[in-house]
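**Student:** What follows is a predicted structure for the sequence shown.
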Amino acid sequence: MFYHLKIIIRGLRRGGIYSVINISGLAIGMAAAIVILSWIWHQWSFDRFHSKEKNLYAVYSRSTVSDGIQVGEWTPWPLGPILSTGYPEIAQTARISDETFLYAIKDTRLNIRTGCIDPAFLTMFDFPLLQGNKEMNDPYSVILTQKAAIRLFGREDPMGQTLMIDNQYPVTVTGVMKDLPGNTQFQFEALAPVAFLKATGKYHLDQWETDKLLTTYVELYPNARPDVVDKAITGVYNEHTNDMAQTEVFLYPLAKRHLYGKFENGVPEGGLIDTLRLFGVIAGLILLIACINFMNLSTARSEKRAKEVGVRKVMGSKRLSLIGQFLGESMMVAFIAGAGALMLALLILPVFGMVMGQPIKLNMSDSRFWLSVLGFILLTGLLAGSYPAFYLSSFRPVMVLKGLFRSGRGVLSSRKVLVVLQFTIACALIVSTLVIHRQLKYAQDRDSGYDKDQLIYMSLGEDIEKNYELIKNELISSGTALSVTKTLSPMTSGQVTSWYVNWQGKDPNAKPVFDLYFTDSNWAKTVGATIVEGRDIDVSTFPTDSNAMLLNESAVRVMNLENPIGEVVNALRHDWRVVGVVKDFILHSPYEPSVPMIIGGPQGFLEVLHIKLNGANGMADNLAKTEKVFKQFNPNFPFEYNFVDEEYARKFQDEQRLGSLATGFAGLTIFISCMGLFGLVAYMAETRRKEIGIRKVLGASVGNVMFLLSKEFLMLVLISFAIATPVAWWMMNQWLTGYAYRTDIPWWLFVVVGIMSLCIALLTVGFQAVKAATANPVKAIQSE
């Protein structure tokens, strides 16, 4: 064994630059694969750490409407208690409502995201407490995460301390919870009982038909069958409501929520799992390209090892022994590369985590991690070294020792096939990267339908509501703001949809879904929306506008209204009079078409304040003056605001991340492929030194020699591009079908990629070609 190890180390030393290329190429490829696989594992592990995970389900609803079947995870308040008492297969249920409360103690005032839960929540889910107990029987109790406790109390013990919520309700800290792990969909910094919402009268918890919904979770007994439970509970919603859409209730496994969150026509149709599969394929392709480098350089240098193989066979070595030796060499290279890959991965992961928007770490204290790394290195070594091992050990000693052996000189050698495969993958990834960036730019350039510049919003608290007119007048009279309005939600997100919408002439079988939005006055002026017919809602000038309504252009088309102004529309069992039509604007995804939308007067919840700042002033000056006004009229709450343009930009985060990663992956594949190509050209120039020297003596120019060394590889790159073009077109066409609002794939994009690929290959090959072509021919001939 030590003898073979000595031979392997000696061979690596003798390999020089080729050993460096092999090891560094494998290390880079393995590091990229480790980083990607770490992210895939992180995503796959979401909410799988709960001990009862296999028995936990979220309650979803499935409603039939005009444009298909809609699925949602929001449920009415009374559903949870009914499920927990009326069905023997259900062990317990827990509801959670996502709220944000102002917590105050002494001079500290913080808005903290709070989950209002049923007591069973902490027995169903594994969120361990560091202090206190899980029972939350007191409506005025609260459990804080470590992070929230430190923000509120610093180093002081929070247990038993009294906090004020929204400056009105005293609550006692009864527990401190460990901060939530990064692999959970739950997002909160504090927990309060659902009973708190009832005790304070914030919501009516016994109403089935309400604008405020929440998420309900179910724990089944171990032997219960989810399909049987689904059949039993499917009609429970319709039993308690007059639901026009015939809503069904069903259970969806907790472990699937994160990965399989996309539904089409009521059926799960992938989601994040599609991205994970794509990234898994990319990780495999990058590793394959790195392994191809190893294969190519190992087989290219086969002539130098042919005599070694011939002599060993003559001395009695069996083929199996030679295969073991060559595989041992590849394993040695893989282990060295693996060590380098781990170090590279540790450097890359923080950057990768920033791009993905969530920290990812290697769990190096877990023995399973090291077993996985060992298996990964062995697999890489086997993949990279198997072909060279079988190829080198197959040499016939008679042909080798007579000097009749020549490697890879055929028209279609394996080495050429592998180079074509490498650059096919690289070209396809370059095309994919350009299409992703093109789609991103296409969506970003889409008209949002309103003016995001100088527009901010904030939550509408009770003091703001009480002093609204004073705040509004002060901001406008001081020249700080141009306009102010109250709305149901920010301009970047909707909260309420409904199919309970009727109008004169409606098809009784039609069930179109409308987005519902509410405002008071000057909404269009504040947000910069365009009124195409009629006027804006203005309860200050027209008191009856509390029953007024705006329709967007899509709603007018769906309703088939020729003269919408003055029409009466019934929505949420309330009659509204249409006073205006607004141009379509983007409330949800910029990749989806505009949906029918109703903007009603202040009959519903108005929870958000929008302020159009005066662009003639500096932003810092505007914000300072705005803060001063709010401290005057809303002194008990911190001044917190959001820029609408920044919130709108976040709608593109997923595609921006995908574009950044695609750019990185494409660059990585090109770099690794070029490393291999560089090594092959360098070796070819080395083995053909005498031929090149003789050609130069006989009058060949530098250009002739460069063409001689370059033409074969440039032809292989052209073949790669020809193969990659239809493959990349098909793949990206499939990807684009996931967007209703999408770009096209122009022919010139492929021309650009073809030219880029040739230029990159030419630069890689050209360096070695020029070096060989300008070398002294006398020295080349003498050395032979």
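**Tutor:** Done, it's in. Residues are numbered from 1 along each chain as shown.
**Student:** For the closest residue to L214 other than its chain neighbours, give me phi and psi.
**Tutor:** Leaving aside its chain neighbours, L214 sits nearest to S97 (4.0 Å; criterion: Cβ to Cβ, 6 or more residues apart in numbering). Backbone N, C-alpha and C define where each C-beta goes, glycine included. Dihedral angles of S97 (phi, psi; degrees, to the nearest 10) stand at phi -110, psi 130.
**Student:** Next one: S97 from L122, what distance?
**Tutor:** Using Cβ to Cβ, to the nearest Å, S97 is found at 15 Å from L122.
**Student:** ok so, going back, ok, how many other residues are close to the residue nearest to L214?
**Tutor:** Counted with other Cβ atoms under 10 Å, the neighbours of S97 add up to 19.
**Student:** for it, what are its contacts?
**Tutor:** S97 makes contacts with G115, C116, I117, V194, L197, Y203, K212, L214, T215, as judged by Cβ atoms under 8 Å, 6 or more residues apart in numbering.
**Student:** Dig out what it forms beta bridges with.
**Tutor:** Assessed by DSSP bridges, S97 has beta-bridge partners C116.
**Student:** same deal with V501?
**Tutor:** Beta-bridge partners, per DSSP bridges, of V501: A571.
**Student:** Hmm, it is touching D515, no?
**Tutor:** No - V501 is beyond contact range of D515, at 10.6 Å (criterion: Cβ atoms under 8 Å).
**Student:** Could you check which of those two has the larger neighbour count?
**Tutor:** Between V501 and D515, counted using other Cβ under 10 Å, V501 has the larger neighbour count: 23 against 20.
**Student:** Give me the distance between that one and W523.
**Tutor:** Per Cβ to Cβ, V501 is found 20 Å from W523.
**Student:** low-scoring stretches of the stretch 301-450 of the chain, by residue?
**Tutor:** Residues of the stretch 301-450 of the chain meeting the criterion pLDDT under 70: 301-325, 387-414.
**Student:** sorry, back to before: what touches both of V501 and D515?
**Tutor:** Common neighbours of V501 and D515 (criterion: Cβ under 8 Å, 6+ apart): I598.
**Student:** For the closest residue to F542 other than its chain neighbours, grab the count of nearby residues.
**Tutor:** Nearest residue to F542 in three dimensions, chain neighbours excluded: A548, at 7.1 Å (Cβ to Cβ, 6+ apart). Per other Cβ under 10 Å, the neighbour tally for A548 reads 24.
**Student:** Make 16 the first number, not 1, from now on.
**Tutor:** Got it, the first residue is 16 from now on, which makes the last one we talked about A563.
**Student:** Can you report phi and psi for A563?
**Tutor:** In terms of degrees, to the nearest 10, the main-chain angles of A563 are phi -90, psi 160.
**Student:** Report the central residue of this protein.
**Tutor:** Geometric centre of the chain, nearest residue: D669, 4.8 Å, by Cα atoms, centre = their mean.
**Student:** Which strands or helices does whichever helix in the chain runs longest pack on?
**Tutor:** Scanning the chain for the helix with the most residues, using DSSP state H, yields helix 334-371. Judged by 3 or more Cβ pairs under 8 Å, 6 or more residues apart in numbering; DSSP states H and E, the packing partners of helix 334-371 are helix 17-30, helix 32-59, helix 287-315, helix 317-329, helix 382-407, helix 668-702.
**Student:** ok, back up a step: can you name the two of the contacts of S112 that are farthest apart?
**Tutor:** Among the contacts of S112, the pair separated by the greatest distance (Cβ to Cβ) is I132 and K227, at 15.6 Å.
**Student:** Which stretches in the stretch 66-215 of the chain count as helices?
**Tutor:** Here the stretch 66-215 of the chain has its helices, by DSSP state H, counting those that start in this stretch, at 94-101, 136-139, 161-168, 209-214.
**Student:** Would you format these as CSV with distance to A544, mean pLDDT and mean neighbour count included?
**Tutor:** Output for these, formatted as CSV (distance: least, Cβ to Cβ, whole Å; pLDDT from 0 to 100; neighbours: other Cβ atoms under 10 Å):
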stretch, distance to A544, mean pLDDT, mean neighbour count
helix 94-101, 36, 86, 18
helix 136-139, 41, 94, 20
helix 161-168, 38, 94, 19
helix 209-214, 34, 88, 19
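**Student:** Quick one: closest of those to K501.
**Tutor:** Minimum separation from K501 across the helices of the stretch 66-215 of the chain (Cβ to Cβ) falls at helix 209-214, 22.6 Å.
**Student:** re the thing from before, hmm, I614 and the residue nearest to F557 touching each other?
**Tutor:** No - using Cβ under 8 Å, A563 is not in contact with I614; the gap is 9.2 Å.
**Student:** what sits in contact with each of the two?
**Tutor:** By Cβ under 8 Å, 6+ apart, the residues touching both A563 and I614 are I552.
**Student:** Past the lowest-mean-pLDDT helix or strand in the chain, which element shows up next along the chain?
**Tutor:** Lowest by mean pLDDT, DSSP states H and E among the helices and strands of the chain is helix 412-416, with a mean of 52. Sequence order places helix 429-459 as the next helix or strand after helix 412-416, per DSSP states H and E.
**Student:** all strands for the stretch 66-215 of the chain, in order.
**Tutor:** 71-80, 83-87, 105-120, 123-132, 144-147, 156-160, 177-180, 184-192, 205-208 (DSSP state E, counting those that start in this stretch).
**Student:** tell me what the fourth one is packed against?
**Tutor:** The reference is to strand 123-132. Counting contacts by 3+ Cβ pairs under 8 Å, 6+ apart, strand 123-132 is packed against strand 105-120, helix 161-168, strand 205-208, helix 209-214.
**Student:** neighbours of Q618, just the number please.
**Tutor:** Counted with other Cβ under 10 Å, residues neighbouring Q618 total 15.
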